[in-house]
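>>> build me a model:
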Amino acid sequence: MDLHCFLCWGVALLLLLMPCGHQCLSVRILNQEPVYVIPGSSLVLRARIEQGPLEEISMISWERESETGVDPGKVTLATCPGSSLKCAGTRPNVRANAEQKETTLQIDGYSSTDSGVYAVTLTDHKGAETTAHCIVRMYEAVHHVSVSINVSHSLLVCGEAWGTEPHFSWLYERVAITKTVGSVSKDGTTLLVTMTPFCGHFTCVVSNKLGYSSATYTATPCETEGRGTTAAVVCLVVLLLLGGVLAFLLWRRHRHSSRGERLHEHLDDTI
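Okay, the predicted model is just below:
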């Protein structure tokens, strides 16, 4: 056996004896964390499995523990034991599935008690374990919207308590903000008012998948052209009414005068 062949066999033997490397099991959860779940819907977590040709999986387990650490105990949700990896959930609404390159956990009727840190653990035929984690939280509705003002800079700032994925938008007199009114920041939370005078009603609307809530800041009333036009129309109507009444009175007076003259002429003819 020459030196080259001897080195090749030596490298191969070292790779086989190494406890880790390209032959080891690995797992990663594919969901982007944190995962937010709407109450009553289904939570689905998917994990990708990578294993070498010499590795065998003897167990897959899904577990959950508290994110805050108040309840440090782990809860087993599903296990997939044996070579067939046939999975079984620990509750009726929990299902799991295992394939050669992927494992899935599904929880139906999600509630706040299902929030926490989820872990999927692979155990190989030698008892070595590898684990991946994922944070899961409940999707919260929008709460307590408020609008504050920085008068010196004509800034209106919109705030929201704890809603998940809040989207901010602004209205001026119930119409979307235009450049003549001001400009909105990229995140939508701030409105810079450039119109003069600073007047009217400014409304911040915060929404997400569960609905929306709003708050309105009311500045001083605006003197608009519409009000001046309305006043002019009212004055014109009043003048027309007065003119009509005056014309009616003149016509009536003229009519009575004409009747008196005709009566006088009739009496003269009779005599």
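>>> list the contacts for Val120?
For Val120, the contacting residues are 27, 29, 45, 47, 60-63, 103, 105, 131-132, by Cβ atoms under 8 Å, 6 or more residues apart in numbering. (C-beta placed from N, C-alpha, C; glycine too.)
>>> cutoff 7 Å now
27, 29, 47, 60, 62, 103, 131-132 (Cβ atoms under 7 Å, 6 or more residues apart in numbering).
>>> quick check, nearest of these to Asp187?
Ranked by distance to Asp187 (Cβ to Cβ), these are led by Ile29 at 28.4 Å.
>>> the closest one and Arg48: what is the separation?
Going from Ile29 to Arg48 by Cβ to Cβ, to the nearest Å gives 8 Å.
>>> isn't Tyr36 up against Ala141?
No - Tyr36 is beyond contact range of Ala141, at 11.8 Å (criterion: Cβ atoms under 7 Å).
>>> and the pLDDT for Gly243?
Gly243 carries a pLDDT value of 69.
>>> same question, Thr79
Here, the pLDDT recorded for Thr79 equals 96.
>>> try the one 3 residues further on
In this model, Gly82 is scored at 77, pLDDT.
>>> ok, how many other residues are close to it?
Using other Cβ atoms under 10 Å, the number of residues around Gly82 comes to 10.
>>> do the same with Val136
Count around Val136 with other Cβ under 10 Å applied: 21.
>>> now do Leu250
By the measure other Cβ under 10 Å, the count of residues near Leu250 is 10.
>>> repeat for Val184
When neighbours are defined as other Cβ under 10 Å, Val184 has 19 of them.
>>> same thing with Glu33?
Around Glu33 there are 14 residues (other Cβ under 10 Å).
>>> Tyr212 now?
15.
>>> contacts for the host helix or strand of it, please.
Using DSSP states H and E, the element containing Tyr212 is strand 211-218. Applying Cβ under 7 Å, 6+ apart, the external contacts of strand 211-218 come out as 141-142, 145-147, 149, 156, 201-206.
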